[in-house]
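[1] I'll drop the sequence and a predicted model, then ask my questions.
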Amino acid sequence: MFIEVADLEAHPLVFDERLAPGAIDLGPDFVQRAALEASGSAELVEEHHSKREVIQDIRLRGKLNTRLEAACARCLDAVSHEVKRSFDLLYRPQGVDAGQEELSITDVEAEIGYYQNGGILLEDVLREQILLSAPVKTICREDCKGLCPHCGKNLNLEQCSCAEPLEDPRWAALKEIRNKLEH
């Protein structure tokens, strides 16, 4: 759904979207396992920068929910995450801030996004919000043992019969120094 500034000049837009799993590309790390339900509104906010300069920002408010699946970082088992998020976003025309001298910005100004071509694609906003809600590192459980580095067996399900790795001879000199310091 493309939200156009021209449409918002006439009236605010209310959206209630339901997108099937896979409708939005979330990259290689996440798979959408449930429909993405998003509802909210978009409105035009006029910002007066000077007597003659009026900037038309898009304010997008709403909420979304879906379920994602990602691989555990230790054992590669699938882990499910519920994503529920509310958002209140402001988008400014791209390039409107260009050419201004470098200034420090406030936290509020850091939250401003930019749109181009007269509007914003709702799916892009939803993708960004989902990925911001997703965990950086997915772990199936706190005590996950992971995979055996030699045979690749999942150590949560079974023990492997791999021999303990031999000590790397390059560390022998440091081990000898440690032993001398301890005695």
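    Cool, got the structure.
[2] pLDDT weak spots in the chain?
    For the chain, residues meeting the criterion pLDDT under 70 lie at 49-50, 95-110, 163-166.
[3] So in that sheet, which strands flank the longest strand anywhere in the chain, and in what orientation?
    Longest strand in the chain by number of residues (criterion: DSSP state E): strand 54-71. Strand pairing for strand 54-71, using DSSP bridges, gives strand 31-32 (antiparallel), strand 36-48 (antiparallel), strand 78-93 (antiparallel).
[4] Can you say which of those is nearest to residue 55?
    strand 36-48 (4.4 Å; C-beta to C-beta). Yep, even glycine has a C-beta here, placed from its N, CA and C like the rest.
[5] Strands of this structure, start to end?
    In the chain, the strands defined using DSSP E lie at 2-4, 13-19, 31-32, 36-48, 54-71, 78-93, 112-115, 119-121.
[6] ok, and the closest non-adjacent residue to the residue positioned nearest the centre of the chain?
    Centroid check for the chain by C-alpha atoms, centre = their mean gives residue 131 as the closest residue, at 2.1 Å. Excluding its sequence neighbours, the residue lying closest to residue 131 (C-beta to C-beta, 6 or more residues apart in numbering) is residue 26, at 6.6 Å.
[7] so how far is residue 94 from that neighbour?
    Separation of residue 26 from residue 94 (C-beta to C-beta, to the nearest Å) stands at 24 Å.
[8] and residue 21, how many neighbours does it have?
    15 (other C-beta atoms under 10 Å).
[9] Spit out the contact partners of it.
    31, 32, 33, 34, 35, 36 (C-beta atoms under 8 Å, 6 or more residues apart in numbering).
[10] Check the residues you listed and tell me the two furthest apart.
    31 and 35 (13.3 Å).
[11] isn't residue 37 right up against residue 17?
    Yes - counting by C-beta atoms under 8 Å, residue 17 is a contact partner of residue 37 at 7.4 Å.
[12] beta partners of the closest residue in space to residue 135 that isn't next to it in sequence?
    In this structure, residue 135 finds its nearest non-sequential neighbour in residue 81, 6.6 Å apart by C-beta to C-beta, 6+ apart. Here residue 81 sits in beta bridges with residue 68, as judged by DSSP bridges.
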